[in-house]
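Engineer: Build the 3D model from these lines:
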Amino acid sequence: MEAEVFQAHATSSTGETLVYRYEDILRAVGRFIDEEQLTDVVIVQTETGVLVRGMRRPHAGTRLASTFCERLFSKAEIAAILEEGRRRRGTGSKLFQ
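Structural biologist: Coordinates of the predicted model:
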């Protein structure tokens, strides 16, 4: 069975259309979810990108209620986030090269 893919219409530096697996997409939006401390998260693939909705937890020690948070990641943003992640990770351990 083939893995489902998300067609990113952003183009690489060589002009090719980029295709990402859902695992890649979740990695890209997962950082946002962690940074915003979201709970009750819903992720929806749309024609224009990936929509993330959730409830932002209040800061520790405050009595404020959770607040609604929504962000639409365009296909180009997903591509840029994943490319930046690859640069941060580097080429891997020299043991495996």
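
Engineer: Excluding chain neighbours, give the residue nearest to residue 31 in space.
Structural biologist: Spatial nearest neighbour of residue 31, excluding adjacent residues (C-beta to C-beta, 6 or more residues apart in numbering): residue 81 at 7.4 Å. Yep, even glycine has a C-beta here, placed from its N, CA and C like the rest.

Engineer: One more: residue 58?
Structural biologist: residue 64 (4.2 Å).

Engineer: quick one: residue 46 and residue 72 touch, right?
Structural biologist: Yes. With contacts counted by C-beta atoms under 8 Å, residue 46 reaches residue 72, the gap being 7.3 Å.

Engineer: For residue 27, see how far away the residue of the chain most remote from its centre is.
Structural biologist: Most distant residue from the mean C-alpha position of the chain: residue 63, 29.9 Å away (C-alpha atoms, centre = their mean). Residue 63 sits 34 Å away from residue 27, going by C-beta to C-beta, to the nearest Å.

Engineer: Show me the helices in the chain, by range?
Structural biologist: 22-36, 75-89 (DSSP state H).

Engineer: Nearest to residue 57, out of those?
Structural biologist: helix 22-36 (8.9 Å; C-beta to C-beta).

Engineer: any idea of the angle the closest one forms with helix 75-89?
Structural biologist: Interaxial angle, helix 22-36 versus helix 75-89 (axes from the mean of the first three to the mean of the last three C-alpha atoms, to 10 degrees): 80 degrees.

Engineer: now helix 22-36, how far from the chain's geometric center?
Structural biologist: 4 Å (C-alpha atoms, centre = their mean, to the nearest Å).

Engineer: what does stretch 62-70 give?
Structural biologist: 22 Å.

Engineer: Next: stretch 20-28.
Structural biologist: 7 Å.

Engineer: repeat for stretch 29-42
Structural biologist: For stretch 29-42 - counting by C-alpha atoms, centre = their mean - the centre lies 10 Å from the chain centre.

Engineer: now that stretch: mean pLDDT?
Structural biologist: Averaging pLDDT along stretch 29-42 gives 93.

Engineer: Look up how far residue 17 lies from residue 66.
Structural biologist: 39 Å.

Engineer: All set now, cheers.
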